[in-house]
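In: Please work out how this folds:
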Amino acid sequence: MMLAIGKFKEGEGMLEKFMTFFQSDEGMAMRKEVAYVEKTVPGILPDKSGIMFKVHVHNEEGMMALVNGTNPVMKPIYDECMESIQLFELTPVEVK
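Out: Next up, the predicted model:
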């Protein structure tokens, strides 16, 4: 599991542009290449300046290309909308 936290560039409608692409057929196909989409948990920062996704990754190299903006499908929307995306590995912690 990984947590991706993205910060949008300044400007109107970045969240809407990004989510429209991410939910499109092209965006969904791209996401399915790197993660189990049905297990993804999305979140939006309260001020809409960024997004968070808890992702069950099955292709780590592909995930890295998504978050660093080098995936050819993601690159145009990344360049237009994203300031940065950070990726964190999640490790379950047993709570007693």
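In: Quick check: closest non-adjacent residue to residue 48.
Out: residue 15 (4.9 Å; Cβ to Cβ, 6 or more residues apart in numbering). (Each C-beta comes from the backbone N, C-alpha and C, glycine too.)
In: That neighbour: neighbouring residues, count only.
Out: By other Cβ atoms under 10 Å, the residues close to residue 15 number 16.
In: Do a quick rundown of the strands in this structure.
Out: 2-8, 41-44, 50-55, 82-89 (DSSP state E).
In: out of the ones you listed, which comes closest to residue 29?
Out: strand 50-55 (15.7 Å; Cβ to Cβ).
In: mean confidence score for stretch 26-33?
Out: Throughout stretch 26-33, pLDDT has a mean value of 96.
In: rewinding a little: could you measure the residue nearest to residue 48 against residue 89, distance?
Out: 26 Å (Cβ to Cβ, to the nearest Å).
In: which residues does the residue nearest to residue 48 contact?
Out: 8, 44, 48, 51 (Cβ atoms under 8 Å, 6 or more residues apart in numbering).
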